[in-house]
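Participant: Please work out how this folds:
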Amino acid sequence: MGGTTTVTPADGVSFSWASSNDVPANLVVSEAGVGNDLRVIFDLYNGANPYFGITWRNTPLVTTYVPYTAMETGDNFGDTYIRVNANGTVDVQYNGMALFNQVPLPGYAAIAGDEFVFGSRTGGLNENQWVDNIEIATTTGLAPVTISFTLTGNSLRLTWPGTGLKLQSTSSLNQPVTWTDVPGASSPYTVPATNAAQFYLLAPAP
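Facilitator: Here you go, the predicted structure:
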């Protein structure tokens, strides 16, 4: 961040890990990020109170206020690393600074089918904000996601965390097992407990 700018720079950059449902075509994304999953915010202005921050599920988790000069890199690029760990924590490094380390993401579960989004904007106050040499690495394979259930009367209520998943069912676990998508199922999902036996699992949504 830097180069040609007004005396007070604005507005900043964001990196979001968001459900595709939260990222419609032609959406304009600002330094506040987008979506209901992870947002990492580099806010140069914020009413002349710049900060680095992490938001998860629309809840701000951590914020570090800094002078805007701590964000600017002039004509150079500052290496930035954002890592979500398998234990449900996130690390952020920027331009040689360890901003956040092992920040817990409450209720985190493996996510499939989300999108990665960069956002930025300027206005009457402005700042050059560049990105270059982007590398995004993901862990392949199906990570287990737990289905929780409660029984109330004759109704069975199934719930699960995360997005990008679909509910499937089968009436038998005898081989070969055929799993079928449950039409229109989303968490929470309720089925009559008086029906014939069914088994459920979660699979990545296409």
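Participant: Checking my notes, Thr138 in a strand, right?
Facilitator: No. Read with DSSP: H, G, I helix; E, B strand; the rest coil, Thr138 is coil and lies in no strand.
Participant: Low-confidence stretches in the chain?
Facilitator: Residue ranges of the chain with pLDDT under 70: 2-4, 140-144, 162, 206.
Participant: 80 instead?
Facilitator: Regions of the chain meeting the criterion pLDDT under 80 cover residues 1-6, 110, 112-113, 139-146, 161-164, 204-206.
Participant: Pop the domain breakdown of it in here.
Facilitator: Following automatic domain parsing, one finds the domains of the chain at 2-128, 148-204.
Participant: Rebuild those domains as JSON lines, extending it with mean neighbour count.
Facilitator: Any C-beta I mention is one placed from the backbone N, CA and C, and that applies to glycine too. Formatted as JSON lines, these follow (neighbours: other Cβ atoms under 10 Å):
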{"stretch": "domain 2-128", "mean neighbour count": "16"}
{"stretch": "domain 148-204", "mean neighbour count": "13"}
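Participant: could the ones you listed be laid out in CSV, adding distance to Ile134?
Facilitator: CSV is the format used below for these (distance: least, Cβ to Cβ, whole Å):
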stretch, distance to Ile134
domain 2-128, 8
domain 148-204, 21
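Participant: So which of those domains is nearest Thr139?
Facilitator: Among the domains of the chain, domain 2-128 comes nearest to Thr139, with 7.5 Å by Cβ to Cβ.
Participant: so how far is that closest one off the chain centroid?
Facilitator: 11 Å (Cα atoms, centre = their mean, to the nearest Å).
Participant: Could you do stretch 118-132 as well?
Facilitator: With Cα atoms, centre = their mean as the basis, stretch 118-132 stands 21 Å off its chain's centre.
Participant: Stretch 149-165 now?
Facilitator: Counting by Cα atoms, centre = their mean, stretch 149-165 comes out at 22 Å from the chain centroid.
Participant: how long is it end to end?
Facilitator: The first residue of stretch 149-165 is 17 Å away from its last residue (Cα to Cα, to the nearest Å).
Participant: got it, and stretch 1-15?
Facilitator: 15 Å.
Participant: Kindly report the same for stretch 5-22.
Facilitator: Start to finish, the residues bounding stretch 5-22 are 31 Å apart (Cα to Cα).
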